[in-house]
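Colleague: structure for this input, please:
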Amino acid sequence: MAVLGKWLDNGLIQLPFRFIEHHQRVLALLDRYHSVPMDFADACVVRMSELIEKPPVLTADSDFRIYRKNRREIIRTIMPPE
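Modeller: Okay, here's the model as predicted:
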């Protein structure tokens, strides 16, 4: 985690996502996937995937096979094999 902190401090990793600007969509995602269940962090990542087209989501969470961006598009992921 120390390396991650240094990367954040040096600006190598930037998260221009502000929940307050996207709260309606994040809350809609939480409502839509309540039975999965989707947590707050997952809803924010799905919303970010809607905003940033190309990069895949790096995750070990298999729920990202269920989640959809823009209501029906598959989210490109990089995850360990099953």
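
Colleague: quick check: mean pLDDT of stretch 27-44?
Modeller: Averaged across stretch 27-44, the pLDDT comes to 97.

Colleague: mind listing what's buried in that stretch?
Modeller: Buried residues in stretch 27-44, counting neighbours by 16 or more other C-beta atoms under 10 Å, are found at 29-30, 33, 38, 42-44. Placement of C-beta: from N, CA and C, glycine included.

Colleague: do the same with stretch 2-18
Modeller: Buried, per 16+ other C-beta under 10 Å, within stretch 2-18: nothing.

Colleague: any idea how far it is from the chain center?
Modeller: 16 Å (C-alpha atoms, centre = their mean, to the nearest Å).

Colleague: what's the answer for stretch 18-25, then?
Modeller: Centre to centre, stretch against its chain (C-alpha atoms, centre = their mean), the figure for stretch 18-25 is 13 Å.
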